[in-house]
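[1] sequence and computational prediction follow.
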Amino acid sequence: MKVLNNKEMRELDRIAIEVYSIPGIILMENAGIAVAQQAMKVLNNKPSKKVVILCGVGNNGGDGFVAARHLRNKGIPLDVFILGEPARIKGDARTNYDILLKLGVSITYIEEEKDVTAFEKALVNDSIIIDGIFGTGLHREVEGIIKEVIITTNNSGKEVIAIDIPSGVNGNDGKINGVAIQAAKTITFQLPKLGNILYPGRAYCGELMIKDIGIPQEAINSVQTKIQLITEDDITGILPQRRPDTHKGTYGKAFIIAGSPGMTGAAILASKAALRCGGGIVKVAVPQAQMDILENKSIEAISVSLEDLQGNKKEFIERLQTEDTVAIGPGCGQSDAFFDTLGTVINNTTVPIVIDADGLNVLAKNLNILKNSKAPCIITPHPGEMARLTGLSIEVINKERIKVTKDFSEKWGVITLLKGAATVIADPEGNVYINTTGNPGMATAGSGDVLTGMITGFLAQGISPIKATIIAAYLHGKAGDRGSVKLGQYSLMAGDIIKEIPCLIKEVLAEPLKKSNNT
Ligand SMILES: NC(=O)C1=CN([C@@H]2O[C@H](COP(=O)(O)OP(=O)(O)OC[C@H]3O[C@@H](n4cnc5c(N)ncnc54)[C@H](O)[C@@H]3O)[C@@H](O)[C@H]2O)[C@H](O)CC1
Ligand SMILES: [K+]
């Protein structure tokens, strides 16, 4: 699903209205109806029904006027408050404002302190608030009486439904322009905006609902954006049912170079995750002293002595030619020998390579070795590792997550998955995919090793590097969400994420069994 910035959303509106002749007031009516319907759902659980609607002087306010009319038609008591000069209300918003005036709806104009008091008094019992102050038209800091109303709203303890985007959240990047409405739910229209998806804006949205307001798919297709939100639709049924006449080799050979003294767990987690995602054969190169531990804990994986590999480069290179994918880095440490191993892999592998953790920390010392790579390369840094790869501060990286990730991918010709909330994936062509599954419970040792193993498991089966990265990112987060519901975010461990993979693959990824397959 495309994710738009404010300008692209306005362009989408324009195309719908000017190219496909859909009157803007129809879009506004549909938007307002969607908001009213959601408000009714929330009100149904409340004994006393009352809605207070905050409207700005733009079309976001226009949506609010429409919602007011539909709620009034359902007999819901409501108070409408307008923030800004009524004379500035124009076009479709003006039409809907005039209708409310003709209907005699109670409208209060918030221009000074006493009007804020009137707003506070309107918030009786368990009334709910609809936020139609600003949408994609927000273009400067929120100040003055509007800022005061937003703070009052947030302090009121009332449930807030935001129209399109919580007022104060910048639709272009999710940053807060001074202050922002904390919504319990946000109803956005046709496509999500970056401000609905990127933190901190995403946290202000509460539960995000995307409502179709009648903009045709042709109009959506014509808006040029390279940023997509990963949704379950993107990965549903993507793993074909397995044919009877197949064997483990059919599902690919993954070679994982992981582990160092005290870090065998990284190798165990990555190998288990790769197998759980359907990889056929998973070999793991670990230091000789850890082979027994690995074989004991990950019995389905095949262990290989890292020292033997490092001691016989010719054989190492020959082995690399027999694999379907290679992953390197989890728990590897940063020894000179490992730096050489990484160079051997990058210089001699033609199949997809996943570089994670210490592989990235060592790569950061000489990024130019990427220029020798003949293989599709996927890197999976967290912000700290990205800081070492780019020389940027973690603060800058987290402020410009999309730009930093996209720039790195385009510059070095790799697929970059930047971990964090929300995970950002970019490919060398500058396409960007945002993943919103996952939760803070996954900030636990080994979670990244699991993700590396999952990407590797899908690559081994011949899924394309970008698709394997997208599927793994979504599923990893979804598994973490399930695990956190069962165990709580404090107790979730990396191994618990792996436990959730089988059900999710069966429910989501695997193509539904055809009747004939049941025979
Ligand atoms: N396809 C759709 O998504 C549809 C969206 N609709 C709604 O229209 C708004 C966008 O409306 P717009 O008039 O462009 O802007 P806003 O209503 O968001 O802005 C209100 C108004 O406020 C002024 N302003 C901006 N920043 C500030 C500030 N910090 N302080 C004070 N005033 C400010 C600005 O000049 C504007 O005039 C979209 O979000 C949807 O809700 C359509 O109704 C249906 C189709
Ligand atoms: K809003």
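    Ah, there it is. Ligands and ions are numbered 1, 2, ... in the order given.

[2] mind telling me what element G171 is part of?
    Using DSSP states H and E, G171 sits within no helix or strand.

[3] who touches it in this structure?
    5-6, 9, 135-136, 138, 165, 193-196 (Cβ atoms under 8 Å, 6 or more residues apart in numbering). Just so you know, the C-beta spots here come from the backbone N, C-alpha and C atoms, and that holds for glycine as well.

[4] give me the pLDDT for the residue in the stretch 251-400 of the chain positioned nearest to ligand 2.
    Residue of the stretch 251-400 of the chain nearest ligand 2, by Cβ to the ion: K399 (23.3 Å). Residue-level confidence at K399 comes out at 93, pLDDT.

[5] what's the neighbour count on it?
    Neighbourhood size, K399 [other Cβ atoms under 10 Å]: 13.

[6] could you name the helices and strands sitting against the helix or strand where I497 lies?
    Assigned by DSSP H and E, I497 belongs to helix 494-499. Using 3 or more Cβ pairs under 8 Å, 6 or more residues apart in numbering; DSSP states H and E, the elements in contact with helix 494-499 are helix 264-276, helix 447-460, helix 465-487.

[7] before we move on, the earlier item: would you mind giving both backbone torsions of the residue of the stretch 251-400 of the chain closest to ligand 2?
    Main-chain torsions, K399, degrees, to the nearest 10: phi -80, psi -30.

[8] with adjacent residues omitted, what lies nearest to A34?
    Leaving aside its chain neighbours, A34 sits nearest to K211 (4.0 Å; criterion: Cβ to Cβ, 6 or more residues apart in numbering).

[9] for the one you found, give me its contacts.
    30-31, 34, 187-190.

[10] again, but for I230
    Per Cβ under 8 Å, 6+ apart, neighbours of I230: 425, 433-437, 470, 473-474.

[11] point me to the residue of the stretch 1-150 of the chain nearest ligand 2.
    In the stretch 1-150 of the chain, the residue that lies nearest ligand 2 is D131 (4.5 Å; Cβ to the ion).

[12] what about that residue, neighbour count?
    Neighbour count of D131, defined by other Cβ under 10 Å: 30.

[13] what's the strand or helix carrying it in contact with?
    Secondary structure assignment for D131, by DSSP H and E: strand 128-132. For strand 128-132, contacts defined as Cβ under 8 Å, 6+ apart pick out 35, 39, 42-43, 46, 50-56, 60-65, 67, 123, 153, 156, 158-163, 166-167, 181, 183.

[14] would you mind naming what in the stretch 101-250 of the chain lies close to ligand 2?
    Applying Cβ under 5 Å from the ion, one finds that the stretch 101-250 of the chain approaches ligand 2 through 131, 162-163, 167.

[15] by neighbours, which of these wins?
    Neighbour tally across those (other Cβ under 10 Å): the maximum, 35 neighbours, falls on I163.

[16] how about the helix or strand just after the strand holding D131: buried residues?
    Counting by DSSP H and E, the next helix or strand C-terminal to strand 128-132 is helix 144-155. Neighbour counts over helix 144-155 (16 or more other Cβ atoms under 10 Å) mark 146, 148-150, 153-154 as buried.

[17] just to revisit the earlier point, quick check: pLDDT value at the residue of the stretch 1-150 of the chain closest to ligand 2.
    Reported pLDDT for D131: 98.

[18] what is it paired to in the beta sheet?
    Beta-bridge pairing for D131 (DSSP bridges): L54, A162.

[19] quick one: it and K248, what's the gap?
    According to Cβ to Cβ, to the nearest Å, D131 stands 55 Å off from K248.

[20] cool, G168 as well?
    Taken as Cβ to Cβ, the span from G168 to K248 is 55 Å.

[21] repeat for I268
    Plainly put, I268 is 20 Å away from K248 if you go by Cβ to Cβ.

[22] which of those two has more neighbours?
    Applying other Cβ under 10 Å to I268 and K248 shows that I268 carries more neighbours, namely 30 against 11.

[23] so that one is in contact with M291, correct?
    No: I268 is beyond contact range of M291, at 11.8 Å (criterion: Cβ atoms under 8 Å).

[24] could you check how far the residue in the stretch 351-500 of the chain that ligand 1 sits nearest to is from K114?
    Going by Cβ to the nearest ligand atom, ligand 1 is nearest to I434 of the stretch 351-500 of the chain, at 18.8 Å. For I434, the distance to K114 (Cβ to Cβ) stands at 44 Å.
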